[in-house]
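Undergrad: here is my input; please provide its structure:
(2 chains)
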Amino acid sequence: MATKRIVTAIINGKEEQFLCQPRQTLLEALRDDLDMTGTKEGCSNGNCGACTVLIDGRPVDTCLVLAVEIDGTDIQTIEGLAPADGLDPIQNAFLEDAALQCGICTPGFIMSTKALLDRNPNPTEQEIRFELAGNLCRCTGYDKIVRAVQDAAKKRQEVTV
Amino acid sequence: MATSESKKKYKVIGTRPIRHDGVDKVTGRAKYGGDVNLTGMLHAAMLRSPHAHANIKSIDTSKAEIIPGVHAVVTHADMPDATDKVVNLGEGTVNLKHLGSNVLADKKVLYRGHAIAAVAADNIHIAREAAALIDVKYEVLPAVLDVLEAMQDDAPVLNADVRTEELPAGETSGDKPTNIAKHFQFELGDVEKGFAEASVIVEREFKTATVHQGYIEPHNATAHWNADGHITVWTSTQGSFSVRHQVAELVGVPLGFVKVIPMEIGGGFGGKISVYLQPVAALLSKKSGKPVKLIMDRTDVFEATGPTPGSYIKVKMGANSDGLITAAEAYLSYEAGGYPGSPIAPGCMCIFACYNIPNGKIDGYDVCVNKPRTNAYRAPGATNAAMAAETVIDELCEKLGMDPAEFRLKNACKEGTRRIDGPVFSRIGMEETVQAIQNSEHYKTELTGPNQGRGIASGFWFNCGLRSSVTATVNGDGCVALLEGSTDIGGSRAAIAMQLAETLGITAEEVIPTVGDTDSAGYTDVTGGSRVTYATGWAAYEAAKDIQRQMIAAAADQWEVDPADVSYDDGKIIGPNDQVLTFHEMAAQSVKTSQPIIGRGVSEHEEPGGAFATHAVDVEVDPDTGKVTVLRYTAAQDVGTAIHPSYVEGQIQGGAVQGIGWGLNEEYFYDDSGKMSNSSFLDYRIPTCLDLPMIDPILVEVPNPGHPYGVRGVGEVPIIPPPAALANAIYQATGIRMQQLPMSPPRLMHEILKKRAAENGGS
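TA: Model (predicted):
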């Protein structure tokens, strides 16, 4: 077992330092060492998107990133999305549109949606389907998820206006 | 959508409140099985068989045990001897010896991925390294993977203790070990006479691939075996009481010594009823004295859990010139996997259930093959069967020159129709689902281009009753704490709470639902069989009625009148002399007078009717690649009464999409040795959002006469029609009748090229 390394990164707006083994994935470090279990594990090989977080604004499967690689980056996870006094418009849209059933894929979908809407505030249905194709959901058939993303886009624009 | 009826009749039912567990699930706070973290907890890894069929000559764990950081190693030898006892786990029975050997292999491995040993260590990396050091000597045996080959006399036999059970008679035939565990036969009328009366007869053979439930959350279990012999299990499961029963039996402790704490569950679809990891985590904890957590990786999930059977089905149907079905015959062989237990019985019961068929015969076989032990998958057995029957019907319609919707309407089962396997339907909505499709915008709109086609298909699924319990405690502020035992797989907490709220005349938000552990909630059978909103909802209704009775008694006492003269209506207790107390006033009083109001409700009811669905799909087939694009999809379903219409729609949309995946892409690829070659979500291709259009649900509400609010189970039936509807649409687009699932691009392209060659050869 190799010596543990110190990793320094901004996680949800706050600078954090933690120790991890070089072989640990970011997913493992988040869930097991930092006790941030909102990021979910579905496949551990980059196919389902349940573990999506934003690294420097880009959606990334944390099961495919080693924890040591995030040194010096800015990480956003599902735990950091909601403001102190409520929910993010994306979270509200998922709730109001019943865009979840079991909910295990939901944090990943919400983070991927944030990355999409940050880049493209008014996506078409086809753009939403293309951008979210890396997140698997087995419960909903995606219909209500796509509608929630459309509604979230509207809500975010109302907020910015 | 079509919820106007319920909206008029009810205040809470038919509305769309935010689900009670919603905020936790969009913020990442909800705790699933994998999120459990206990002080001193160890992590465990499994060693699994690389062979599909082999005798285990020896297992040497010594090298694993000496690795620093390893605390315990277990094999089948650590399990008490399981007997041949057959136990009922709520939805179906299981032979404990087979279940125990599936959890940790005993002398023999029956499929690749079969669990052999487990190691608990300080962390998962040490546990995996140690598991790899366990030395197992195998005698590799020939594997049999095809269901028909496994039925042959000279096939390798998996289980020495299996004889064919003849059902429903219940006799056992033969004294030689066999792979054919069960043979069902159902008969009605005179099939020969029926076919003699037919003017058109179609007979076809079908093969469907092994598919997986594909829940996104892998199986998980954390267990602590305390020094006093009591075991606590934290796990994601469809049935906490079922897990309690299985664990107690397999590790050999009294039922009451096992407490199962159901964590949030990340999908199940039938695949999270049987135990895999829970008894192993318990045994590791017993040996190490520490809590142990065990999680599968995705390969293990594919190779060692689920799946639902691949099958061979032959269907013959005849109809007269009026378009009435005169006879139907089916032969079904389902893969059971390593141990007996495929859903062959429901396959047989559902295959012709949508229609009024005077003469029918159904033979079904449960057959062991060297694949994972199969488990329920949403309407288990019915989707395979519908692929066969519903495409044969499409061919009958073509030969008769009849519209497939008209044909279905003409032959639809209705109240009083007897199924071939016996039961007689009560008021059901099969006809209404066909009419809903006929009247839909979708069905009235013409297709727009070449290589396009439209198909429809119907499906039937049961509505299990089984047992559910609910307690509801009225707080002084009028909020009601509802404790129920049905694990919530997709919003059922809300649907149960809404039925309690409706009965009490309060809002959905005033009910605070909790899914209790096995020491807190009353006995409740599994979340399966489309039963939770129906049965646990009924228990909640009964608990509310109990609260009503207690409030009536208290008010009558206060007013000094006969309780028989006091009534409860829409949140008010009304006395004979126009006295009125509201629910909230009574709630406040009950606290002050130290007479707490706790409602208790149980339900145990026979299945009263069941659910029907008819789906329509438009496809476009790429003639150069064989790829099928779903252009438009409409799913009509008799939902009884939609309690929370959004989640009813969600069940229909999700089920339809699983059916689309089953129809177009999903399949286990095995090599000849029985090694699965696509055990990842990259290669086992479930639908992504890019593969699909919106799925339009039509909620047809024919209230179930057997439920206080007319609820029917809605979860399972939507998976049944899609593969057949797609096959019928592909036929219209290409002139090719697909008789094998999935209808993946290579398979369809093969047929397109064959057809093209035949046409060219003929010209």
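Undergrad: got the domain ranges for chain A?
TA: With domains defined by automatic domain parsing, chain A comprises A:5-80, A:89-160.
Undergrad: from chain A, which residue is nearest to chain B?
TA: When scored by CB to the nearest CB, chain A has residue A:38 as its residue closest to chain B, at 2.0 Å. No exception for glycine: its C-beta is placed from N, CA and C like everyone else's.
Undergrad: what is the neighbour count of that residue?
TA: Residues near residue A:38, counting by other CB atoms under 10 Å in any protein chain shown, number 25.
Undergrad: so it, which state does it fall into?
TA: coil (DSSP: H, G, I helix; E, B strand; the rest coil).
Undergrad: wait, it touches residue A:77, no?
TA: Yes - using CB atoms under 8 Å, residue A:38 makes contact with residue A:77 at a distance of 6.2 Å.
Undergrad: list the residues that contact both of those two?
TA: Counting by CB atoms under 8 Å, 6 or more residues apart in numbering or on different chains, the residues touching both residue A:38 and residue A:77 are A:107, B:28.
Undergrad: how close does residue B:540 get to chain A?
TA: Residue B:540 sits 20 Å away from chain A, going by CB to the nearest CB, to the nearest Å.
Undergrad: any idea which element that residue lies in?
TA: Residue B:540 belongs to helix B:537-559 when assigned by DSSP states H and E.
Undergrad: and residue A:1, what's its pLDDT?
TA: pLDDT for residue A:1: 57.
Undergrad: same check on the one 4 residues further on?
TA: According to the prediction, residue A:5 has pLDDT 97.
Undergrad: now for it, how many residues are close by?
TA: 15.
Undergrad: do the one 10 residues further on as well
TA: Burial of residue A:15, expressed as a neighbour count using other CB under 10 Å, amounts to 9.
Undergrad: may I see the domains of chain A arranged in JSON lines, with distance to residue B:123 as well?
TA: Formatted as JSON lines, those follow (distance: least, CB to CB, whole Å):
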{"stretch": "domain A:5-80", "distance to residue B:123": "8"}
{"stretch": "domain A:89-160", "distance to residue B:123": "23"}
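Undergrad: SS state for residue B:502?
TA: helix.
Undergrad: dump the residue contacts of the one residue in the stretch 301-450 of chain B that gets nearest to chain A.
TA: Minimum separation of the stretch 301-450 of chain B from chain A (CB to the nearest CB) falls at residue B:301, amounting to 8.6 Å. Residue B:301 is in contact with B:212, B:218-219, counting by CB under 8 Å, 6+ apart.
Undergrad: for it, grab phi and psi.
TA: phi -60, psi -50 (degrees, to the nearest 10).
Undergrad: now swap in residue B:107 and tell me
TA: Dihedral angles for residue B:107 - degrees, to the nearest 10 - are phi 70, psi -20.
Undergrad: with adjacent residues omitted, what lies nearest to the residue in chain B that chain A sits nearest to?
TA: Nearest residue of chain B to chain A: residue B:28, at 2.0 Å (CB to the nearest CB). What sits nearest to residue B:28 in space, not counting adjacent residues and going by CB to CB, 6 or more residues apart in numbering or on different chains, is residue A:38, at 2.0 Å.
Undergrad: tell me the confidence at the one you found?
TA: pLDDT for residue A:38: 98.
Undergrad: just residue A:111 next, same as before
TA: 98.
Undergrad: check residue B:762 too.
TA: So residue B:762 comes in at 61 (pLDDT).
Undergrad: identify the residues contacting the closest residue in space to residue A:13 that isn't next to it in sequence.
TA: Nearest residue to residue A:13, sequence neighbours excluded (CB to CB, 6+ apart): residue A:80, at 6.3 Å. Counting by CB under 8 Å, 6+ apart, residue A:80 makes contact with A:11-13.
Undergrad: any idea how far residue A:55 is from residue A:80?
TA: Distance, residue A:80 to residue A:55, by CB to CB, to the nearest Å: 13 Å.
Undergrad: longest helix in chain A, please.
TA: helix A:143-160 (DSSP state H).
Undergrad: pLDDT on it, on average?
TA: According to the model, helix A:143-160 has a mean pLDDT of 93.
Undergrad: please point out which parts of it sit buried.
TA: A:143-153, A:155-156 (16 or more other CB atoms under 10 Å in any protein chain shown).
Undergrad: filter the residues you listed down to the ones close to chain B.
TA: A:143-147 (CB under 8 Å from any CB of the partner chain).
Undergrad: kindly indicate which of those residues lies nearest residue B:501.
TA: Distance to residue B:501, by CB to CB, is smallest for residue A:144 among these, at 23.2 Å.
Undergrad: for chain A, which segments count as strands?
TA: Assigned by DSSP state E, chain A shows strands spanning A:5-11, A:14-20, A:52-55, A:58-61, A:74-76.
Undergrad: may I see those arranged in a markdown table, with distance to residue B:138 as well?
TA: Rendered in a markdown table, the data for the strands of chain A read as follows (distance: least, CB to CB, whole Å):
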| stretch | distance to residue B:138 |
| --- | --- |
| strand A:5-11 | 41 |
| strand A:14-20 | 38 |
| strand A:52-55 | 40 |
| strand A:58-61 | 36 |
| strand A:74-76 | 46 |
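Undergrad: sorry, back to before: need the winner for burial among the domains of chain A.
TA: domain A:89-160 (a mean of 22; mean count of other CB atoms under 10 Å in any protein chain shown).
Undergrad: re earlier: so which of the contacts of residue B:301 are in strands?
TA: Among the contacts of residue B:301, no member falls in strands (DSSP E).
Undergrad: got the contact list for residue B:180?
TA: Here residue B:180 is in contact with B:151, B:162, B:164, B:365-367 (CB under 8 Å, 6+ apart).
Undergrad: out of those residues, which end up buried?
TA: Counted by 16+ other CB under 10 Å, the contacts of residue B:180 give B:151, B:162, B:164, B:365-367 as buried.
Undergrad: returning to what we had before: state the mean pLDDT of the helix holding residue B:540.
TA: Helix B:537-559 comes out at a mean pLDDT of 97.
Undergrad: who's in contact with residue B:626?
TA: Neighbouring residues of residue B:626 by CB under 8 Å, 6+ apart: B:744-752.
Undergrad: my error: substitute residue B:728 in the last question.
TA: Listed by CB under 8 Å, 6+ apart, the contact set of residue B:728 reads B:390-391, B:394, B:404, B:453-457.
Undergrad: between which two of those residues is the distance greatest?
TA: B:390 and B:453 (15.0 Å).
Undergrad: nice, that's everything, thank you.
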